[in-house]
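Asks: Sequence first, predicted coordinates after that:
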Amino acid sequence: MDAATQSQSTTLHSSFRYKLISFLGPDHVQAAAPADAVAGVQPKMIVAPGNERDLAEVLRLSNEAGLAVIPRGGSTKFSWGNPPSRADLVLSTARLNEITEHAWADLTVSVEAGCTMQRMQETLAQRGQRLALDPLWPEKATVGGVLSANDSGALRLRFGALRDLIIGVTLALPDGTLASSGGKVVKNVAGYDLPKLATGAFGTLGVITRAVFRLHPLPRLTRSFSVATATAEETRRFIHAVQNSKLAHTALQARFESGAAPQVDVLFEGTEAGLRAQEAHLKELTETAGVTEASPDIWNARQSLWSSLKPESTALAKFTVLPAEIEESMETIAKSARARHLEWEGVVQATGIGWLRLEGDAKDLRVSLQELREQFERGTGSLLVLHRPAAMPSIDTWGNAGDALHLMKAVKQQLDPKNTLNPGRFVGGI
């Protein structure tokens, strides 16, 4: 950028900042700090509107000024995705944090995007209800961020994915429109199922301002059990035995680690008598290993993979495979890690969604991740690189988007023609 262009840019940002301060107040328009960098790209300012109409207006003004906007919730997944091609303004939903309506008799809740998952769950629990979802870092993760990243855990097996739980959403579009679908309707966008479209879109189509969810009752009691299996093949057999049985399990996952025997975890919910019957039936299914009651902390296994990251030698990835391919995928990971002397640890849910932590030399990590991605993509699987060491050679976060990419780009062009929101961060450079 030459001196004249840089001067024009500085003037633009300065005048734009004063325009935002005029209706948001100086406390809610701040200069960005180094800690606000987005995957290494430094934005100019942080803006925190207090309601969805102000947020939509900030977005409209940014869009007209040609500024790149990066939505931000609780920052728990702010580093995920590719580095943005531009980053001028971070649009925070921190002040949109209210639970606007808990229709407990109808088992629904309407909540603003900046509300944390933990706060919402605590409020719902007062009426004996919950959103049957177990995202990462619920004490910090916000509703909008969880939806944008499509983050769900082991409860997905019983209650479905986020797209099954969300029944309404309001989006602020780049042109300033507040568009809603399902739930409490403000304005509909004909032809689009906005709740499903916004879920997993990584903030590239609009900024989620509120959502409406279907709820489930809190369980009376829960009990977790673990079964040690000797090999990946034995793990597969046991998972299939549980899945094909009459057990009413709520969650099912397998934990793998280099140099250790696999573990399979099962979660049951219900009454005391029902849980005893489930435990007895589970023990009948075991072959060579016994069943031990486990701490509920085992369901934090995928979050534990992020603990004590070593910046110079740790990579984390999310992968998907067919449930029938869990054994093969674990063997593939183990083989690739052994070939490059990498330590590894993983957890995979019975749905075929897994999380992987690799440790070792940065160049070897890159080779292993690319190799695993290629092998998974030969079938119907995928591998997303969510964290990598700074020294590791560059690798695309998302991998191959497949035949859906042209449709995704068409929707992006329709809703965000100026490429204002999260430019370059999503699949295929969207």
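Replies: Yep, that arrived.
Asks: which stretch of helix or strand covers Lys19?
Replies: Secondary-structure assignment from DSSP states H and E places Lys19 in helix 3-24.
Asks: which other residues reach whatever helix or strand comes next after that helix?
Replies: Next helix or strand after helix 3-24 toward the C-terminus (DSSP H and E): strand 29-31. For strand 29-31, contacts defined as C-beta atoms under 8 Å, 6 or more residues apart in numbering pick out Arg17, Leu20, Ile21, Lys44, Met45, Ile46, Val47, Ala48. All C-beta atoms are positioned from the backbone trio N, CA, C, and that covers glycine.
Asks: what do you get if the cut-off is 10 Å, keeping everything else the same?
Replies: Residues outside strand 29-31 that contact it (C-beta atoms under 10 Å, 6 or more residues apart in numbering) are 13, 16-23, 36, 43-49, 58, 89-90, 92.
Asks: quick one: strands adjacent to that strand?
Replies: Partners of strand 29-31 in the sheet, by DSSP bridges, are strand 45-47 (antiparallel).
Asks: quick revisit: please pick the buried ones from the contacts of strand 29-31.
Replies: In the contacts of strand 29-31, burial by neighbour count holds for 13, 16-17, 20, 36, 43-49, 58, 89-90, 92, counting by 16 or more other C-beta atoms under 10 Å.
Asks: closest to Pro296 among those?
Replies: Taking C-beta to C-beta as the measure, Ser92 is the one of the buried ones among the contacts of strand 29-31 closest to Pro296, at 32.4 Å.
Asks: Which positions in stretch 333-343 come out as buried?
Replies: By 16+ other C-beta under 10 Å, the buried positions in stretch 333-343 come out as Ile333, Ala334, Ser336, Ala337, Arg340, Leu342.
Asks: Give me the subset of those residues lying in helices.
Replies: Here DSSP state H is the test, and the buried residues of stretch 333-343 give Ile333, Ala334, Ser336, Ala337 as lying in helices.
Asks: From those residues, pick the one nearest Leu136.
Replies: Here the nearest of those to Leu136, counting by C-beta to C-beta, is Ile333; it sits at 20.6 Å.
Asks: Just to check, that closest one is in contact with Trp355?
Replies: No - between Ile333 and Trp355 there is no contact under C-beta atoms under 10 Å: 11.3 Å.
Asks: what's the overlap in contacts for these two?
Replies: What both Ile333 and Trp355 touch, as defined by C-beta under 10 Å, 6+ apart, is the set Ala317, Phe319, Glu345, Gly346, Val348.
Asks: what's the closest of these to Ala251?
Replies: Of all these, Val348 has the smallest distance to Ala251: 12.3 Å, by C-beta to C-beta.
Asks: Select the helix or strand of this structure having the lowest average pLDDT value.
Replies: Lowest mean confidence among the helices and strands of the chain (mean pLDDT, DSSP states H and E): helix 3-24, at a mean of 72.
Asks: distance between the ends of stretch 61-78?
Replies: Terminal residues of stretch 61-78 lie 23 Å apart, using C-alpha to C-alpha, to the nearest Å.
Asks: Could you pull up the mean pLDDT of that stretch?
Replies: Here stretch 61-78 scores 96 as its mean pLDDT.
Asks: what's the domain layout of this structure?
Replies: Here the domain parsing of the chain from automatic domain parsing is 3-94, 99-217, 221-300, 305-403.
Asks: And the helices in the stretch 301-430 of the chain, which stretches?
Replies: Counting by DSSP state H, counting those that start in this stretch, the stretch 301-430 of the chain has helices at residues 301-304, 326-339, 362-378, 405-415.
Asks: mind putting those helices in JSON lines, distance to Val111 and mean pLDDT included?
Replies: JSON lines is the format used below for the helices of the stretch 301-430 of the chain (distance: least, C-beta to C-beta, whole Å; pLDDT from 0 to 100):
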{"stretch": "helix 301-304", "distance to Val111": "22", "mean pLDDT": "95"}
{"stretch": "helix 326-339", "distance to Val111": "34", "mean pLDDT": "94"}
{"stretch": "helix 362-378", "distance to Val111": "35", "mean pLDDT": "96"}
{"stretch": "helix 405-415", "distance to Val111": "23", "mean pLDDT": "94"}
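Asks: Make a markdown table from those helices and add distance to Leu218 to it.
Replies: A markdown table is the format used below for those (distance: least, C-beta to C-beta, whole Å):
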| stretch | distance to Leu218 |
| --- | --- |
| helix 301-304 | 21 |
| helix 326-339 | 30 |
| helix 362-378 | 36 |
| helix 405-415 | 37 |
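Asks: Among the ones you listed, which comes closest to Glu98?
Replies: With C-beta to C-beta as the measure, helix 405-415 is the member of the helices of the stretch 301-430 of the chain nearest Glu98 (25.7 Å).
Asks: got the CA coordinates for that closest one in CSV?
Replies: In CSV, the C-alpha atoms belonging to helix 405-415 read as follows (Å, rounded to 0.1, in the frame of the first residue of the first chain):
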residue,chain,number,x,y,z
LEU,A,405,-19.0,-25.4,-3.4
HIS,A,406,-20.6,-23.8,-6.4
LEU,A,407,-24.0,-23.7,-4.5
MET,A,408,-22.3,-22.3,-1.4
LYS,A,409,-20.7,-19.5,-3.5
ALA,A,410,-24.0,-18.7,-5.1
VAL,A,411,-25.7,-18.3,-1.7
LYS,A,412,-22.8,-16.2,-0.5
GLN,A,413,-23.1,-14.0,-3.6
GLN,A,414,-26.8,-13.6,-3.0
LEU,A,415,-26.6,-12.6,0.7
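Asks: how much distance is there from that helix to the middle of the chain?
Replies: When distances are taken as C-alpha atoms, centre = their mean, to the nearest Å, helix 405-415 is centred 21 Å away from the chain's centroid.
Asks: How about it, which residues are buried there?
Replies: Going by neighbour count (16+ other C-beta under 10 Å), the buried part of helix 405-415 is Met408, Lys412, Leu415.
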